[in-house]
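Turn this into a model:
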Amino acid sequence: MLSPVPNRPPRRSTRVAILGNSGQIRNAWAKSADELFMEVGQNTGNLAFWFAVARHIDCEYQYFNWSFDPEFVKQNFDCVLFVAANQLNPEWDLGDVAINLERCDRPLIIVGLGAQAGKLGEKVTLKPGTTRLLSLFSERSVAIGMRGEFSADVARKNGARNVEIVGCPSNFINASERHLGRGIADALKTMKDPHRLSINLDFNEHLAPIVQRCISWMEEWGGFLVTQGPLDAIQCALGAPELLLASELERYAEIMLGRSYDEAARKFLSARLITFFDTEAWLLFLRSCSLAIGTRLHGNILALQAGTPAVIIPHDSRTRELAETIRMPVVEPETVMTASSLPDLLSQVEFDGEAYDQRRAELAATYVGIFEASGVPVTRELKQLATAPAEIAAQP
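Predicted structure coming up:
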């Protein structure tokens, strides 16, 4: 059991400053692709865990970006909730964020912090500013909620001691449904006609064979390619591929379709590539799909929350760690390339629905424990999800 922050008893009505947003970009229709991409933190997948946290805490809160006024937060809020992602990234120096958090002098709640590496077990050397931020996380929180054991190990090796595994808050969006895994497992086993797919992919050259195989299935069975970034892909998804440089259009055509950019490629980018800046709209779309599949984490996690079978194709430490932590359906990249068809691939997916449900309850219990030990109340639905795993597994 976690202990509350020492010498900082929770107030009667806790006020929380959340670094992030509600998971729904207001007036998105009136904003440029550049503006939208900056508001989502350069990855629309961030909307998923921001949206989750907004549904989980049950007290007064307000959203801020990383360049918030520390004195205002210090005077008006009891704690700061840092909804994290892969901030333990060797390429990033987050010293400016650390300075702001130091100046506001408030207790911290950290959930979903992860490390970035090529593969699990790889050494991660953090830049000084990020090391400073991690130290502050450790000093001012009851526990750092980590994405998985690899990230927790990276944090420990860089000086943090109070780490707990929570996975990602997005895994608890549909907190009222405690048997998601069972239903998804049944649907995967019986799926013969995977119509209307949601394909979630990274557009990197080394992933081109996987991208093209998934797109071929989408063209065979129907569906859409949902992009979370980068900006060029967002621009295409918003219906304006002509705004891209010719070299970028050639690059996307080669990665996605394996050929040069032409009129057919232009029509593909305009018609099949879509994106979302509202998590509720994204979830509603996913509920209408029969299957989500790809290399992107949050597009697939959101599908699971909508009750739609989703299969992650892990390709780096970040995707593999979270997939393993939350026990989501997984298929290896090699299997994608050797499968004779999409139904053949689905027959080889590794997934235990009951293990997913039980693990989800365990992670929710730790997640709730961090909030409650920090003096922040959570919703009744989340508390119910966080009941004993054995009790959840035993329910019909």
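
Secondary structure of residue 16: a strand, I assume?
Yes: judged by DSSP: H, G, I helix; E, B strand; the rest coil, residue 16 forms part of a strand.

That one touches residue 79, doesn't it?
Yes: Residue 16 is within contact range of residue 79, at 5.8 Å (criterion: CB atoms under 8 Å). In short, each C-beta sits where N, CA and C put it, glycine included.

neighbour-wise, which of the two wins?
Set residue 16 next to residue 79 and count neighbours by other CB atoms under 10 Å: residue 79 wins out with 26 against 22.

Quick check: phi and psi at that one.
Dihedral angles of residue 79 (phi, psi; degrees, to the nearest 10) stand at phi -160, psi 170.

ok, now how distant is it from residue 164?
Separation of residue 79 from residue 164 (CB to CB, to the nearest Å): 17 Å.

circling back: overlap of the contact sets of residue 16 and residue 79?
109, 376 (CB atoms under 8 Å, 6 or more residues apart in numbering).

For this protein, give me the ranges with low pLDDT.
Along the chain, the parts satisfying pLDDT under 70 run over 1-12, 388-396.

one more time with 50
Scanning the chain for pLDDT under 50 picks out 1-12.

out of everything not next to it in sequence, what's closest to the most centrally placed residue in it?
Residue closest to the average C-alpha location in the chain (CA atoms, centre = their mean): residue 298, at 4.0 Å. Spatial nearest neighbour of residue 298, chain neighbours left out: residue 45 (3.4 Å); criterion: CB to CB, 6 or more residues apart in numbering.

Would you agree the one you found is in contact with residue 295?
No: with contact defined as CB under 8 Å, residue 45 does not count as touching residue 295 (11.5 Å).

who touches both of those two?
If you check residue 45 and residue 295 against CB under 8 Å, 6+ apart, no residue is contacted by both.

that older thread, surely the residue nearest to the centre of the chain is in contact with residue 169?
No: Residue 298 is beyond contact range of residue 169, at 10.8 Å (criterion: CB under 8 Å).

which residues do the two both contact?
With CB under 8 Å, 6+ apart, residue 298 and residue 169 have common neighbours residue 49.

This protein: strands as residue ranges?
Per DSSP state E, the chain carries strands over the ranges 15-19, 60-64, 79-83, 108-113, 144-146, 163-165, 197-200, 223-226, 273-274, 291-294, 310-312.

for this structure, longest helix please?
What stands out as the longest helix in the chain, according to DSSP state H, is helix 353-373.

Point out the other elements, helices or strands, that that one touches.
The contact analysis (3 or more CB pairs under 8 Å, 6 or more residues apart in numbering; DSSP states H and E) places helix 353-373 against strand 108-113, strand 144-146, strand 163-165, helix 180-190, helix 317-326, helix 380-385, helix 389-394.

As CSV, these with distance to residue 201 would be great.
What follows is the helices and strands packed on helix 353-373, written out as CSV (distance: least, CB to CB, whole Å):
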stretch, distance to residue 201
strand 108-113, 22
strand 144-146, 26
strand 163-165, 27
helix 180-190, 20
helix 317-326, 12
helix 380-385, 30
helix 389-394, 33
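
can these go into a markdown table with extra columns for distance to residue 283 and mean neighbour count?
Rendered in a markdown table, the data for the helices and strands packed on helix 353-373 read as follows (distance: least, CB to CB, whole Å; neighbours: other CB atoms under 10 Å):
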| stretch | distance to residue 283 | mean neighbour count |
| --- | --- | --- |
| strand 108-113 | 18 | 27 |
| strand 144-146 | 23 | 28 |
| strand 163-165 | 25 | 19 |
| helix 180-190 | 13 | 17 |
| helix 317-326 | 17 | 22 |
| helix 380-385 | 16 | 18 |
| helix 389-394 | 22 | 14 |
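
So which of these is nearest residue 359?
Distance to residue 359, taken as CB to CB, is lowest for helix 317-326 among the helices and strands packed on helix 353-373, at 6.4 Å.

Return the residues in contact with residue 209.
Residue 209 sits in contact with residue 337, where contact means CB under 8 Å, 6+ apart.

can you do 10 Å?
255, 258, 333, 336, 337 (CB atoms under 10 Å, 6 or more residues apart in numbering).

residues contacting the fourth one?
Looking back up the chat, that one is residue 336. 209-211, 213-214, 217, 293-295, 311, 313, 342, 345, 348.

neighbour-wise, which of these leads?
Busiest of the contacts of residue 336 [other CB under 10 Å] is residue 293, holding 31 neighbours.

separation between residue 305 and residue 34?
Applying CB to CB to residue 305 and residue 34 gives a distance of 29 Å.

Show me which of these two is the more surrounded one.
For residue 305 and residue 34, the more surrounded residue by other CB under 10 Å is residue 305, and the numbers stand at 23 against 11.

Verify the contact between that one and residue 52 for me.
Yes: if you go by CB atoms under 10 Å, residue 305 and residue 52 touch, sitting 8.5 Å apart.

Between the two, which contacts overlap?
Looking at what touches both residue 305 and residue 52 (by CB under 10 Å, 6+ apart), the common residues are 170, 171, 172, 173, 174, 175, 279.

contacting residues for the third one?
Meaning residue 172. Per CB under 10 Å, 6+ apart, neighbours of residue 172: 49, 52-53, 55-56, 166, 305, 326, 360-361, 363-364, 367-368, 378-379, 381-382, 385-386.

Please pick the buried ones from those.
Neighbour counting with 16 or more other CB atoms under 10 Å marks 49, 52-53, 55-56, 166, 305, 326, 360-361, 363-364, 367-368, 378-379, 381-382, 385-386 as buried within the contacts of residue 172.

Minimum distance to residue 185: which of the strands of the chain has it?
Among the strands of the chain, the nearest to residue 185 by CB to CB is strand 310-312 (12.0 Å).
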